[in-house]
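Student: how would this look folded up:
(2 chains, ligands or ions: 2)
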Amino acid sequence: MKSFKFDGLVLPLFGILLVLALWHTVAGKKIYVLKESIEVVHASVIEAVPGGEAGWSTLKPLLNKPPLEAAKIAAAIKSLPNGAEIWTALEQNLEERRVGLISSLPNVVETWQASKLYIMEPFAKRGEMDQGILRFSWYSLILVAEGYSLALLIGTPIGFFLGLSPMFTKTFDPLIQILRPVSPLAWLPLGLVLFLSAGKDAGTYGALFTIAICSMWPTVLNTAVGVRAVPQDYLNVGKVLKLSRFKTLTKILIPATLPYMFTGFRLSLGIAWLVIVAAEMLTGRPGVGGFLWQEYNSLVYEHIILSIITIGVIGFILDRLMSLIEARFKAIS
Amino acid sequence: MKKFLDISRLIKTFPTPKGPLTVVRDFDLGVKKGEFITLIGHSGCGKSTVLSMVAGLTELTEGVIILAGKEVTEAGPDRGVVFQAPCLLPWYTAFENVMLGVDQVYYTATPLERSQIAEYYLTIVGLGDSMHKRPAELSQGMRQRCGIARAFALSPKMLLLDEPFGMLDSLTKYELQDVLLDLWQRDQKTALMVTHDVDEALYLSDRVVMMTDGPEATVGDILEVNFPRPRTRKQLMEDPEYYRLREHLIGFLEERSHLRPGKPSTAAVAH
Ligand SMILES: Nc1ncnc2c1ncn2[C@@H]1O[C@H](COP(=O)(O)OP(=O)(O)OP(=O)(O)O)[C@@H](O)[C@H]1O
Ligand SMILES: [Mg+2]
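Tutor: Ligands and ions are numbered 1, 2, ... in the order given. The predicted model follows:
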């Protein structure tokens, strides 16, 4: 018998640790190479820092044994009372390099150090493109919420029409099947063109358009399936009671379709969140995706990883929340 | 006497992948006001199909059904239907399920009066204490009771019941049969009920209509059941007439149900 904690907590944690370890192994790390021989370096440090001999004796074993790991040297310098002066003298004799299987990939420690500020002060605003990670996420979530609401408002009625009318299905289903696989990267430029006249808001409207059009399909299709799956028995009840069209819709069709609708809503939300990154990248809006793209351009690769993890975690939480709501509706019908 | 329900020359053909299937053919039946009719026949002969056409839920292929002087063209609350499975809407409580119909029929009444009507019928069928539960929280028998209350609360001209007690244990079945008889007598309804159960048919009905086997099923024989009302099971069991009628019904189902009336055959002559 496996306990809940083992399955639900220990195993996933183990999986995460395993991947972190793998990442750390293949990632690069910073090392130094001495530009001159160790004797020359010694002389220049002693010359620049009076009384540097004590510090030098601590550093020497490290400098003597390549590769000189940047992290270890930094730690040793920190422990010295006159470390700052010694570092200034030493630095001129060191050349920085990255080594490792994928040397350009920041490792776990580097990523954490570069991200600490963004995580520890998650809502700070230091500049337009330099804000806490949750503040960025918040901007993204707002944009997603708007685009997603639009998708539901448009998608649900379309789904009902498709489910109720075979004519409507025959007319529009092929079109939907053609539009559905189009990537957000393809829609976005069209979105920007459509709202060109909006001036500086074109980016926002274009992004909303893209999120809405990409994320509405699961809602459309699941709602349609749900409407078609409403048991004939329930519809017969409506007929016997001679319910009006409106009452049939609100008292029978919608409640019976809700579980399917919510499956669609959950999948749509997943896609909306997927699209946001692409939309922000291309429009350069502040947000978690915009931040990612900017940091790629400024060569701060650690922040790419921070953004990816943030996007993943938030997507996961959103999906869980929607699953909870979905399960509630499934339980009723 | 004038017929309250008149079914004449009814034909129902379903399109199937193997070509049209005529389930019912030349089905004729007249029902007087206040009568309790049961429809009995082998599984798949078309009983539900006939009932569903009277309810207006299935279109006729040919023929006419006239109810209280008006041709049946669509479903409506003047016919209370108790379905084979209770068909309660799972997202509403028993009370709300009944109210859905009451709101439709008594739209001129005040909300208080309407909820009193729903409560009245729910109490009669024995759901007084659990009317605010959802179907999922009710037993099979309780759901079936709720289905009956829903049909009766419409105050329909006619009750249509499709094997309403088919899935119940015999104790619950007896109890609900009495509830049904009680309501039927009190409200002076006309009832058409499908059943498999010979004893149920004899206990409840004024006439038992026996259907021949499908396809092309029709009325094979009609049995008058003239026991005085109110009836008790004990009184029927002690009556030799009861066993004679029972024999007749079982005899039809076992030996003669495959014969269409009017077609002379050796078996019919031997009888
Ligand atoms: N929609 C339909 N399409 C095609 N055939 C149908 C359809 N509905 C019913 N039938 C056929 O009509 C026949 C009669 O069905 P029906 O449900 O009326 O039987 P029944 O007498 O009520 O049976 P049971 O006692 O088992 O409920 C069956 O052979 C069935 O296969
Ligand atoms: Mg049936």
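Student: Which residues of chain B lie near chain A?
Tutor: Near chain A, the residues belonging to chain B are B:55-57, B:74-77, B:79-81, B:83, B:85, B:87, B:89-91, B:100-101, B:104, B:134, B:154 when assessed by C-beta under 8 Å from any C-beta of the partner chain. The C-beta positions use only the backbone N, C-alpha and C, and glycine is treated the same way.
Student: burial of the residue in the stretch 201-333 of chain A that ligand 1 sits nearest to, as a residue count?
Tutor: Residue nearest to ligand 1 within the stretch 201-333 of chain A (C-beta to the nearest ligand atom): residue A:232, separated by 9.5 Å. Applying other C-beta atoms under 10 Å in any protein chain shown, we find 10 residues neighbouring residue A:232.
Student: what about it, distance to residue B:83?
Tutor: Using C-beta to C-beta, to the nearest Å, residue A:232 is found at 11 Å from residue B:83.
Student: any idea of the pLDDT on residue 196?
Tutor: Assuming you mean chain A. Confidence at residue A:196, expressed as pLDDT, is 88.
Student: was after chain B, sorry
Tutor: Looking at residue B:196, the pLDDT reads 87.
Student: surely it meets residue B:166?
Tutor: Yes: assessed by C-beta atoms under 8 Å, residue B:196 is found in contact with residue B:166 at 6.6 Å.
Student: Filter the residues of chain B next to chain A down to just the ones in strands.
Tutor: Those of those mapping onto strands are B:79, B:80, B:81, per DSSP state E.
Student: Excluding sequence neighbours, find me the nearest residue to the second one.
Tutor: Excluding the flanking residues, the one nearest residue B:80 by C-beta to C-beta, 6 or more residues apart in numbering or on different chains is residue B:151, at 3.2 Å.
Student: Can you report how many residues lie near the one you found?
Tutor: 27.
Student: Same check on residue B:196?
Tutor: 15.
Student: ok, what's across the strand from the residue nearest to the spatial centre of chain B?
Tutor: Nearest to the geometric centre of chain B sits residue B:193, at 1.9 Å (C-alpha atoms, centre = their mean). Using DSSP bridges, the bridge partners assigned to residue B:193 are residue B:38, residue B:161.
Student: close enough to count as contact, it and residue B:37?
Tutor: Yes: using C-beta under 8 Å, residue B:193 is in contact with residue B:37, at 7.1 Å.
Student: so who does residue B:171 touch?
Tutor: Shown in contact with residue B:171 (C-beta atoms under 8 Å, 6 or more residues apart in numbering or on different chains): no residues.
Student: Find me the pLDDT at residue A:5, would you?
Tutor: Taking residue A:5 on its own, its pLDDT is 69.
Student: Can you report how many residues neighbour the one residue in the stretch 51-200 of chain A that gets nearest to chain B?
Tutor: Distances between the stretch 51-200 of chain A and chain B by C-beta to the nearest C-beta are smallest at residue A:166, namely 16.1 Å. Close neighbours of residue A:166, defined as other C-beta under 10 Å, add up to 11.
Student: Same question for residue B:254.
Tutor: Residue B:254: 9 neighbours (other C-beta under 10 Å).
Student: how about low-confidence regions in chain B?
Tutor: B:1, B:262-271 (pLDDT under 70).
Student: Quick one: name the residues of it near ligand 1.
Tutor: B:14, B:16, B:21, B:23, B:41, B:43-49, B:214 (C-beta under 6 Å from any ligand atom).
Student: same thing but at 8 Å, please
Tutor: B:12, B:14-16, B:21, B:23-24, B:41-52, B:58, B:84, B:162-163, B:194, B:196, B:211, B:214-215, B:217 (C-beta under 8 Å from any ligand atom).
Student: Quick one, which of these are buried?
Tutor: B:12, B:23-24, B:41-42, B:45-52, B:58, B:84, B:162-163, B:194, B:211, B:214, B:217 (16 or more other C-beta atoms under 10 Å in any protein chain shown).
Student: which residues of chain B fall in strands?
Tutor: B:5-16, B:19-31, B:36-40, B:62-67, B:70-71, B:79-82, B:158-162, B:190-195, B:207-211, B:219-224.
Student: From residue B:229, how far out is the residue located most distally from the centre of chain A?
Tutor: Among residues of chain A, the one most distant from the C-alpha centroid is residue A:240; the distance is 51.6 Å, by C-alpha atoms, centre = their mean. Distance, residue A:240 to residue B:229, by C-beta to C-beta: 28 Å.
Student: Ok, residue A:314 next?
Tutor: When residue A:314 is compared with residue B:229 (using C-beta to C-beta), they lie 71 Å apart.
Student: Those two: who's more crowded?
Tutor: More crowded of residue A:314 and residue B:229, by other C-beta under 10 Å: residue A:314, with 19 against 9.
Student: Chain neighbours aside, what residue packs nearest to the more buried one?
Tutor: residue A:137 (5.8 Å).
Student: now residue B:11
Tutor: Using C-beta to C-beta, 6+ apart and skipping residues adjacent in sequence, the residue nearest residue B:11 is residue B:62, 4.0 Å away.
Student: For the one you found, give me its contacts.
Tutor: Contacts of residue B:62 (C-beta under 8 Å, 6+ apart): B:9, B:10, B:11.
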